[in-house]
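K.L.:
I'd like to go over a predicted model; first the sequence, then the structure.
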Amino acid sequence: DARVTQTPRHKVTEMGQEVTMRCQPILGHNTVFWYRQTMMQGLELLAYFRNRAPLDDSGMPKDRFSAEMPDATLATLKIQPSEPRDSAVYFCASGSWYEQYFGPGTRLTVT
Amino acid sequence: AQSVTQLGSHVSVSEGALVLLRCNYSSSVPPYLFWYVQYPNQGLQLLLKYTSAATLVKGINGFEAEFKKSETSFHLTKPSAHMSDAAEYFCAVSDGQGAQKLVFGQGTRLTINP
């Protein structure tokens, strides 16, 4: 049963620290999405990649967030420096834009 | 810009009753529409999608949705609710012509009463 995996599942960190979240897309999927979910804003698209190339990162705060795909089996989302307002659940999804498979998410708490 | 509005952030029904979750969309181009479900502490899972074929779309777990262009709606229904249907449901619309991404609604939390 192919699944998107995300690590870590939970992360608590102090303001100003670097946070790295990892995602392993389903093998063979060439499109990867990063979302952020909060109570106030709901589900927001941060960025997405096709064939490892970034297509759109307009939803991402450029000054502190970065997303990369070092290879086809790994996508990363980094926040440096982290702030309390970054506290949220971050989801990775792979597939196609019309059929996305979501990972279980990383719950980030910045204190 | 494309958008969806989900009417009712919380819906509560009795087990065995009809489930109706409402979604209205705004799109300047023919839309593709989706319903996703999120169980507690999990990611979203695709329930069903409308991609300009049949207007009545059947999905997993007994859910279906009907695309009504005149009403700009894509409401989700299930004839008989089950306790396992308790979850959050998200409606989404394709983001414009040549869409490469989705715009999600705010979600509706469905509670099933025994």
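P.N.:
Arrived safely. Numbers count the residues shown, from 1 in each chain, chains lettered A, B, ... in the order given.

K.L.:
Just give me the residue right at the centre of the chain.
P.N.:
Unless you meant another one, I'm taking chain A. To find the centre residue of chain A, average its C-alpha atoms and take the closest one (CA atoms, centre = their mean): that gives residue A:34, at 3.8 Å.

K.L.:
wait, chain B
P.N.:
The structure's chain B has its C-alpha centroid closest to residue B:35; by CA atoms, centre = their mean the separation is 3.5 Å.

K.L.:
What about the closest residue to that one other than its chain neighbours, how many residues nearby?
P.N.:
In space, and not counting its chain neighbours, residue B:35 is closest to residue B:47: 4.3 Å by CB to CB, 6 or more residues apart in numbering or on different chains. C-betas here are computed from N, CA, C, even on glycine. Residue neighbour count, defined by other CB atoms under 10 Å in any protein chain shown, stands at 23 for residue B:47.

K.L.:
Contact partners for the residue nearest to the centre of chain A?
P.N.:
A:23, A:45, A:46, A:47, A:48, A:60, A:67, A:75, A:77, A:90, A:91, A:92 (CB atoms under 8 Å, 6 or more residues apart in numbering or on different chains).

K.L.:
Which positions in chain B make contact with chain A?
P.N.:
Selection of chain B residues close to chain A by CB under 8 Å from any CB of the partner chain yields B:32, B:34, B:41-46, B:49, B:51, B:90, B:94, B:99-102, B:104-107.

K.L.:
of those, buried ones?
P.N.:
The neighbour-count test (16 or more other CB atoms under 10 Å in any protein chain shown) applied to those identifies B:32, B:34, B:43-46, B:49, B:90, B:94, B:99-102, B:104-107 as buried.

K.L.:
can the helix-or-strand element of chain A with minimal mean pLDDT be found next to chain B?
P.N.:
The helix or strand of chain A with the poorest confidence is strand A:53-56; it has a mean of 90 (mean pLDDT, DSSP states H and E). Yes: Strand A:53-56 lies within reach of chain B by CB under 8 Å from any CB, at A:55, A:56.

K.L.:
Can you dump the C-alpha atoms of that strand in PDB for me?
P.N.:
The C-alpha trace of strand A:53-56 is given here as PDB (Å, rounded to 0.1, in the frame of the first residue of the first chain):
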ATOM      1  CA  ALA A  53      11.500  21.600 -10.400                       C
ATOM      2  CA  PRO A  54       9.700  24.200  -8.400                       C
ATOM      3  CA  LEU A  55       6.600  25.400 -10.400                       C
ATOM      4  CA  ASP A  56       5.000  27.700  -7.900                       C
END
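
K.L.:
Can you give me the buried ones in it?
P.N.:
For strand A:53-56, burial by neighbour count (16+ other CB under 10 Å) applies to A:55, A:56.

K.L.:
Distance from the chain centre to it, please.
P.N.:
Relative to the chain's own centre, strand A:53-56 is displaced by 13 Å; criterion: CA atoms, centre = their mean, to the nearest Å.

K.L.:
just to revisit the earlier point, out of the buried ones among the residues of chain B next to chain A, which are inside strands?
P.N.:
With strands taken from DSSP state E, the overlap with those comprises B:34, B:44, B:45, B:46, B:49, B:90, B:94, B:102, B:104.

K.L.:
That concludes my questions; thank you for your assistance.
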